[in-house]
Structure formats: structure tokens, C-alpha cells
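1. Take a look and give me a structure for this.
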Amino acid sequence: MLMMSILSFSGPRLTTRHLTLAALLVALRIILGKLSIGDPAVLKFSFGFIATALIGYYLGPWIGGLAMVVNDLISNTILNTGSMFFPGFTFSAFLSGVIAGLFLYNQRVSWQRVFIYEFIQILVTNVFFTTLWVYLMSLSSSSTGRAFTALLAIRVPKEIISWPLEAIIVLLILRQLSRLNLNLNR
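-> Coordinates of the predicted model:
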């Protein structure tokens, strides 16, 4: 039986099974992240959020955060498609895995929980940190505070539109997985 709390601060022990699951979910995240539309520096939509939610759901906040760091390092070094590596994005990846684990690990899948999770995830990692990292990377081209506001003005509408879409997709997938009752946390 799943324990209910507001947030899950614990996760599974790191076993061979969890390490293998983490590797599979990181591979899925990399593949889904590569299926994207738009410019990664400003507006990019991909299906990687599905794997991020699965990483949090199955691996908890801490293994999930580390799995997302591995994902970021692989995606931006070995499988880099021309974008610059920036450690701020690695920090955002870690936070993304932690947030997913806090909200989804050992929790009952409900529309409220998933919508709140997606809102926090989008607000913290996509709206705030990604905008900040893009702004900091562009400082060499004599940007001002208005540039940060301009980036927000471009990014926020996309995030407002993607929030319910991502939440509905994650909700449908997690509900189906919870019905399957896969006991991956043995």
C-alpha cells in the first residue's frame, strides 16, 4: 500500500534493479527529449517531460535528481546537437528530477497532484531557471535587465499553454501505470 503524504522526501534504496531502471528511463528521456520542436535557446517543446515524470514516479527525488543529471550530461556532451553546455542547465535537470520525485514517488495519482506537480515543475525549472540561464549565457552580448523580461515574455505564454497539456498527458500515463500495479520498488 502506498503511503500518502504531501511530498515524498525518501526514495528507494539504490539497488541493481533501480540502477537499471534509472538507465532505461534516462535512455527514454534522451530519446523523448530529442523529439522536439522549436529553438532550444528560447522556445522548445519536447516529450521529455513524460520520462521526467516517470523518473520521479519510480525513482524518488534523490535517485531521480541524479538520473536527470546523467541525462543532461549525456544529452549535452556525447549526444550534443550543437548547443552549448552550461552547468546551470545541469542544476535545473537535478531540480527537475527532485521535484518529480517529491510530488510523484509513492503517491496516489490524482489530477490535483499531477497538475500541481507540473505547475511547480514548469514554474521553477522552465520559467525561472531556464530563462535565467539563457539570460546569463547571453550577457556577453551586452544584455540588460530588459532582456530578461523580454525572454520571460516569450517563454511564459508557451509554458501557460503547455502546463495543462503536459499535466493531462502525465496524468493519463501515470494512471495507466498505477493500474498495472508494477512493483518496481522491491
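2. Output the below-cut-off pLDDT ranges for the chain.
-> 1-4, 39-43, 81-83, 140-145, 183-186 (pLDDT under 70).
3. go with 90
-> Applying pLDDT under 90 to the chain flags the ranges 1-14, 33-46, 75-86, 106, 130-131, 133-155, 157-158, 179-186.
4. In this protein, spot the helix with the most residues.
-> Criterion DSSP state H: the longest helix present in the chain is helix 145-180.
5. Mind giving me the packing neighbours of it?
-> strand 43-46, helix 48-73, helix 111-121, helix 131-137 (3 or more CB pairs under 8 Å, 6 or more residues apart in numbering; DSSP states H and E). Just so you know, the C-beta spots here come from the backbone N, C-alpha and C atoms, and that holds for glycine as well.
6. Apart from its chain neighbours, what residue comes closest to Phe49?
-> Glu166 (5.0 Å; CB to CB, 6 or more residues apart in numbering).
7. Need the nearest residue in space to Val127, chain neighbours excluded.
-> In this structure, Val127 finds its nearest non-sequential neighbour in Glu159, 5.4 Å apart by CB to CB, 6+ apart.
8. So that neighbour sits against Val124, correct?
-> No - judged on CB atoms under 8 Å, Glu159 makes no contact with Val124 at a distance of 11.1 Å.
9. Out of the helices and strands packed on helix 145-180, which gets nearest to Leu95?
-> helix 48-73 (7.3 Å; CB to CB).
10. What residues sit buried inside the next helix or strand after the closest one?
-> Towards the C-terminus, the helix or strand next in line after helix 48-73, according to DSSP states H and E, is helix 87-104. Within helix 87-104, the residues scored as buried using 16 or more other CB atoms under 10 Å are 89-90, 92-104.
11. what's helix 87-104 in contact with?
-> Contact with helix 87-104 is made by 7-9, 11, 52-53, 55-57, 59-69, 71-73, 76, 113-114, 116-117, 120-121, 124-125, 129-130, 132-133, 136, 174, as judged by CB atoms under 8 Å, 6 or more residues apart in numbering.
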